[in-house]
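Peer 1: Have a look at this fold, sequence not included:
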């Protein structure tokens, strides 16, 4: 039986013309980097949510139809303090030649939790000791940049896995 999620998100793996991935740094005590994206509204399709979130958080406006393919997902249990239960994250790929990030469309809560952004190469992602969500990006991006975009979404490791 499928669990009813406490929260569903639509996120974007945004690659620039140099094959670098955009990530936002969050305010956690230890460095934590995340892709653009956020909560899916009630009755909102994930692709529409991803396009909306991409515009709000980066200033890059694309229609849901212009957004790239649905390439990955992750899911699992978490207690984030403000929400607990089963979470689902859906990742769409989108490529842009270049983009100057504009965060002025972020909600106040998002703006308060975000301390910066940068474009990461696959080599930089593979070498970092900082936390990056979602986990498992390096092999996925290596395949995508080699022209092997998944035809079905791949499951990435859950980022709140209990040890």
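Peer 2: Noted; the coordinates are in hand. All of these numbers come straight from a predicted model, not from anything done at the bench.
Peer 1: Averaged pLDDT, stretch 99-113. What do you get?
Peer 2: Across stretch 99-113, pLDDT averages out at 80.
Peer 1: for stretch 20-30, same thing?
Peer 2: The average of the pLDDT scores along stretch 20-30 is 88.
Peer 1: least trustworthy helix or strand in the protein by mean pLDDT?
Peer 2: One helix or strand of the chain scores below all others by mean pLDDT, DSSP states H and E: helix 108-113, with a mean of 72.
Peer 1: how about the next helix or strand along the chain from that helix: buried residues?
Peer 2: Next in sequence after helix 108-113, counting helices and strands by DSSP states H and E, comes strand 114-120. For strand 114-120, burial by neighbour count (16 or more other Cβ atoms under 10 Å) applies to 114, 117, 119, 120. Using the backbone N, CA and C atoms, a C-beta is placed for each residue, glycine as well.
Peer 1: Was I right to think residue 133 contacts residue 33?
Peer 2: Yes. Judged on Cβ atoms under 8 Å, residue 133 makes contact with residue 33 at a distance of 7.2 Å.
Peer 1: nearest to residue 153, of the buried residues of strand 114-120?
Peer 2: Distances from the buried residues of strand 114-120 to residue 153 were compared by Cβ to Cβ; the smallest belongs to residue 120, at 21.4 Å.
Peer 1: Give the bridge partners for the closest one, please.
Peer 2: residue 21 (DSSP bridges).
Peer 1: does it really touch residue 21, like I thought?
Peer 2: Yes. Between residue 120 and residue 21 there is a contact under Cβ under 8 Å: 5.0 Å.
Peer 1: Could I get the full set of strands for this structure?
Peer 2: For the chain, applying DSSP state E gives strands covering 7-15, 21-26, 32-34, 37-39, 70-79, 84-95, 114-120, 131-133, 154-155.
Peer 1: Walk me through which strands the longest one pairs with, and which way each runs.
Peer 2: Going back to what we said before, that points to strand 84-95. Here strand 84-95 is paired, per DSSP bridges, with strand 7-15 (parallel), strand 70-79 (antiparallel).
Peer 1: Where among these is average confidence lowest?
Peer 2: Sorting the strands paired with strand 84-95 by mean pLDDT places strand 70-79 lowest, at a mean of 91.
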